[in-house]
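Colleague: Fold the following, please.
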Amino acid sequence: MKVAVPKERAPGELRVAAVPRTVKQLVAAGLEVHVEKGAGAGCFIDDEAYVKAGAQLADDPQSLYKDAALVLKVTCPCAFEDGPDEIALLPEGAILVSTVRPFSNLATVSRLAEGKVSCLAMDLVPRTTRAQFMDSLSSMATITGYKAVLLAAHHLPKIFPMLNTAAGTLAPAKVFILGAGVAGLQAIATARRLGAMVEAFDVRPAVKEQVESLGARFVELIKSDANLEDKSGYAKEQTEEQKKQQEIAMQKHIAKSDVVITTALIQGRKAPILIKKEAVEAMQPGSVIIDLAAELGGNCELTEPGKTVVKHGVTLVGDLNLPSTLSVHSSQLYARNVANLVKEMLKDGKLDLDLGNDILSGCLLTHEGAVKHEPTRNALAKEAA
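Modeller: Residues are numbered from 1 along each chain as shown. Below you'll find the model as predicted:
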């Protein structure tokens with residue numbers, strides 16, 4: 001069965017969905033892997049490395065996609081500079097494994113369904129113990145949290161650790177992290193390694209132990225008996241009263257922080273605003289905000305997605321797709337997640353999309369001409385109404 005690994009064409013995307021190590025695994029499992037020439041260039045993998053791993057090279061997308069039973073991608077299918085787009089090249093009945101961001105790409109989801117493509121969305125993989133080896137959101141969040149701290153250290157006109165020098169003592173930087181999910185926890189760990197004093201807040205009291213185990217102080221801004229974590233482990237949206245209480249308490253911590261890193265996202269929603277203009281104005285000049293929710297609008301009211309700007313003396317970083325900036329390790333992690341999901345489909349060397357499998361059914365976005373993911377289907381119906 002032919003597996004196609006195309007070169008990513010989304011602007012700024014340097015990752016690839018299969019690396020030589022995972023190609024070897026797929027070939028050993030009985031699959032015929034075809035890789036488009038130059039697919040690994042963005043993460044410094046040359047074509048010869050894929051050939052040595054057992055892959056065949058394709059000169060162009062047309063020959064790559066022809067007769068492909070399985071297509072492995074990093075980002076949502078997109079248009080070429082000339083000629084048909086990727087969706088038009090996908091064979092009917094093919095299985096696409098890719099990150100899709102369905103709520104932001106409803107038109108693409110519709111076209112995948114119309115083309116009778118079975119799409120397994122990497123960003124819909126269930127957050128269960130059995131599926132953790134396929135959880136690319138966690139893998140990429142780990143990279144993102146790490147890079148966020150490096151960006152903060154780059155932009156902050158201070159050093160992170162405390163230093164005792166002949167000229168006197170330099171105080172450590174104060175870092176405040178909003179959200180203690182995977183990205184937040186990695187940011188805490190990285191900031192602590194660099195010697196900063198770290199505080200962190202999350203609406204889920206259950207993460208307090210994890211925060212403190214990394215050497216940070218857990219900040220309880222509001223008291224609530226409500227369960228603010230959904231069954232998938234993500235934070236639920238707060239009530240308006242909870243948001244108001246949190247905003248007032250949070251502003252005090254933001255004002256005394258040198259760096260604020262925000263990570264709050266709610267699936268299928270615009271990123272919640274956690275930092276208002278007034279909170280930015282209260283910060284010391286030279287302070288830095290790294291907004292990891294910029295791709296969905298941002299957690300800071302003044303964030304400009306895709307840009308780094310200075311407002312009221314504060315540097316606001318709204319960089320997008322941070323995993324791509326560390327493409328070597330991001331590709332290695334993502335490719336392993338993808339390969340593990342593919343193995344979940346393999347039976348006797350053949351692909352079997354078993355809908356009784358909770359992992360496969362959980363991330364199945366489109367299949368046999370229909371949108372199978374209920375929240376996405378509801379979003380499409382709402383848009384059409």
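Colleague: C-alpha only now, for contacts and for neighbours.
Modeller: OK.
Colleague: Tell me the spacing between Glu36 and Leu26.
Modeller: 16 Å (C-alpha to C-alpha, to the nearest Å).
Colleague: And for the chain, the residue most distant from the center?
Modeller: The centre of the chain is farthest from one residue, Ala166, which by C-alpha atoms, centre = their mean lies 44.1 Å away.
Colleague: Identify the residue nearest Lys307 in space, chain neighbours excluded?
Modeller: Gly318 (5.2 Å; C-alpha to C-alpha, 6 or more residues apart in numbering).
Colleague: Who are the packing partners of the worst-scoring helix or strand of the chain on mean pLDDT?
Modeller: Least confident helix or strand of the chain, by mean pLDDT, DSSP states H and E, is helix 240-255 with a mean of 81. When contacts are defined as 3 or more C-alpha pairs under 8 Å, 6 or more residues apart in numbering; DSSP states H and E, helix 240-255 sits against helix 277-281.
Colleague: Can you dump the C-alpha atoms of the helix it packs on in CSV for me?
Modeller: Extracted in CSV, the C-alpha atoms of helix 277-281 (Å, rounded to 0.1, in the frame of the first residue of the first chain):
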residue,chain,number,x,y,z
LYS,A,277,-4.8,47.0,28.1
GLU,A,278,-4.9,48.3,31.7
ALA,A,279,-2.7,45.4,32.9
VAL,A,280,-0.2,46.0,30.2
GLU,A,281,0.0,49.7,31.1
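Colleague: For the helix or strand immediately after that helix in the chain, which strands pair with it and how are they oriented?
Modeller: Elements were assigned by DSSP states H and E; along the chain past helix 277-281, the next helix or strand is strand 288-291. The pairing partners recorded for strand 288-291 under DSSP bridges are strand 259-262 (parallel), strand 314-317 (parallel).
Colleague: most neighbours per residue, which of those?
Modeller: strand 259-262 (a mean of 28; mean count of other C-alpha atoms under 10 Å).
Colleague: List of residues touching it?
Modeller: 148-149, 152, 156, 173-179, 184, 254, 287-293, 299 (C-alpha atoms under 8 Å, 6 or more residues apart in numbering).
Colleague: Buried residues of the helix or strand where Ala148 lies, list them for me.
Modeller: For Ala148, the enclosing helix or strand under DSSP H and E is helix 136-155. Using 16 or more other C-alpha atoms under 10 Å as the test for burial, helix 136-155 gives 136-149, 152-153, 155.
Colleague: what does stretch 199-206 give?
Modeller: For stretch 199-206, by 16+ other C-alpha under 10 Å, it's 199-205.
Colleague: Measure how far stretch 254-264 is from the centre of its chain, please.
Modeller: When distances are taken as C-alpha atoms, centre = their mean, to the nearest Å, stretch 254-264 is centred 20 Å away from the chain's centroid.
Colleague: Any regions of the stretch 201-350 of the chain where pLDDT drops low?
Modeller: 222-238 (pLDDT under 70).
Colleague: How about the stretch 1-150 of the chain?
Modeller: Judged by pLDDT under 70, the stretches of the stretch 1-150 of the chain that qualify are 80-83.
Colleague: Okay, helices next: where are they in it?
Modeller: In the stretch 1-150 of the chain, the segments counted as helices under DSSP state H, counting those that start in this stretch are 20-28, 47-52, 61-65, 86-89, 106-114, 136-155.
Colleague: Switch these over to TSV; also include distance to Ala339.
Modeller: Output for those, formatted as TSV (distance: least, C-alpha to C-alpha, whole Å):
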stretch	distance to Ala339
helix 20-28	6
helix 47-52	15
helix 61-65	19
helix 86-89	21
helix 106-114	22
helix 136-155	11
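Colleague: what's the distance between Ser104 and Gly181?
Modeller: 22 Å.
Colleague: And these two? Which one has more around it.
Modeller: Gly181 (24 against 14; other C-alpha atoms under 10 Å).
Colleague: Tell me how far Ala255 lies from Val5.
Modeller: In terms of C-alpha to C-alpha, Ala255 sits 47 Å off from Val5.
Colleague: Sorry, slip of the keys, the one I care about is Ala121.
Modeller: Distance from Ala121 to Val5, by C-alpha to C-alpha: 16 Å.
Colleague: How about Met162?
Modeller: From Met162 to Val5 the distance is 47 Å (C-alpha to C-alpha).
Colleague: cool, and Glu212?
Modeller: Separation of Glu212 from Val5 (C-alpha to C-alpha) stands at 42 Å.
Colleague: more neighbours, these two?
Modeller: The neighbour comparison of Glu212 against Val5 (other C-alpha under 10 Å) goes to Val5, with 29 against 15.
Colleague: what bridges to the more buried one?
Modeller: With DSSP bridges as the rule, Val5 is bridged to Val35.
Colleague: check contacts around it.
Modeller: Val5 makes contacts with 16-18, 33-36, 39, 64, 71-73, as judged by C-alpha under 8 Å, 6+ apart.
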